[in-house]
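Visitor: sequence isn't available, so here's the structure alone:
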């Protein structure tokens, strides 16, 4: 496709094509060098921490919710969750994982979320656990694409776009990735009668999830929107 200086809401087809092109370029770069950008290792490490953090919220009186700021409990929770999942690394990929973690935290705090009032939390359901697990990895890839665009970094192809002012490409990439990821709830259910705990199912799927999210499974599955 041709190079574009900017993407706007008036060009949804162009946004879709750019999203597919970037996902394909990222996949090819990582297939050439799976250690490129440190993305795979960062995704695996943060994924492990995500599972622990979400599992903690499924139990009574989770430590992450203790002694929250009386004046700004939601902000306090976001800081804790992002630190827990994203870590304190200073590489670009570490910043990307923290941005993805923040979006998961904000979903937990949504009006219909279990932490709509962090001082009176509801337990995290298994269904939401699985949805947030998938959301995190989709957002992680989308946020990395956002960085590639913002910094005009070239992969195996010339720069495809210089400006994505509304993050449309990053959001669409995240949506595309989420659709292809394995679901821990389905994985756990498939193990009947010896059904493992949901957290164990999520851990078992981590490597497969990261592999599929980054396109390292050598398939073209769902590269088209």
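Guide: Cool, got the structure. Model, not experiment: these values are computed from the prediction.
Visitor: longest helix anywhere in the chain?
Guide: helix 126-150 (DSSP state H).
Visitor: where does the prediction get shaky in the chain?
Guide: Along the chain, the model assigns pLDDT under 70 to residues 1-13, 152-166, 193-196, 218-225.
Visitor: let's see it at 90
Guide: Within the chain, the stretches falling below the threshold (pLDDT under 90) are 1-26, 28-29, 60, 145-170, 189-197, 217-225.
Visitor: contacting residues for residue 137?
Guide: Residues in contact with residue 137, defined by C-beta atoms under 8 Å, 6 or more residues apart in numbering, are 43, 47, 100, 177, 178, 181, 209, 210, 213. (C-beta placed from N, C-alpha, C; glycine too.)
Visitor: regarding residue 124, what is its secondary structure?
Guide: In three-state terms, and counting by DSSP: H, G, I helix; E, B strand; the rest coil, residue 124 is coil.
Visitor: hmm, who's touching stretch 183-199?
Guide: Stretch 183-199 has contacts (C-beta under 8 Å, 6+ apart) with 51-52, 55, 58, 126-127, 129-130, 133-134, 200-202, 204-205.
Visitor: same question, stretch 64-74
Guide: For stretch 64-74, the external contacting residues (C-beta under 8 Å, 6+ apart) are 53, 56-57, 75-77, 80-81, 84, 109, 115, 118-119, 121.
Visitor: please flag which of those sit within helices.
Guide: In helices, defined here by DSSP H, the members of those are 53, 56, 75, 76, 77, 80, 81, 84.
Visitor: can you tell me how far the third one is from residue 104?
Guide: It stands for residue 75. In this structure, residue 75 lies at 15 Å from residue 104, with C-beta to C-beta, to the nearest Å as the measure.
Visitor: who has more neighbours, those two?
Guide: The residue with the greater number of neighbours, taking residue 75 and residue 104 and applying other C-beta atoms under 10 Å, is residue 104; the counts read 23 against 13.
Visitor: the more buried one: which element?
Guide: For residue 104, the enclosing helix or strand under DSSP states H and E is helix 92-108.
Visitor: can you list contacts of that helix?
Guide: The contact list for helix 92-108, computed with C-beta under 8 Å, 6+ apart, reads 37-39, 42-43, 46, 50, 57, 77-78, 81-82, 84-88, 113-115, 124, 132, 135-137, 139-140, 142-144, 147.
Visitor: filter these down to the buried ones, PyMOL style.
Guide: Once 16 or more other C-beta atoms under 10 Å is used to decide burial, the buried members of the contacts of helix 92-108 can be selected in PyMOL as follows:
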select buried, resi 37+39+42+43+46+50+57+77+78+81+82+84+85+86+87+113+114+115+124+132+135+136+137+139+140+142+143+144+147
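Visitor: stretch 117-132: which residues count as buried?
Guide: Residues of stretch 117-132 classed as buried: 118, 121, 124, 126, 128, 129, 130, 131, 132 (neighbour count, 16+ other C-beta under 10 Å).
Visitor: which residues does the fifth one contact?
Guide: I take that to be residue 128. Taking C-beta under 8 Å, 6+ apart as the definition, contacts of residue 128 comprise 113, 114.
Visitor: can you rerun that using 10 Å?
Guide: With contact set as C-beta atoms under 10 Å, 6 or more residues apart in numbering, residue 128 has these partners: 54, 57, 58, 107, 108, 112, 113, 114, 122, 135, 185.
Visitor: what's the answer for the third one, then?
Guide: The contact partners of residue 124, by C-beta under 10 Å, 6+ apart, come to 54, 55, 56, 57, 58, 59, 62, 108, 113, 114, 115, 132.
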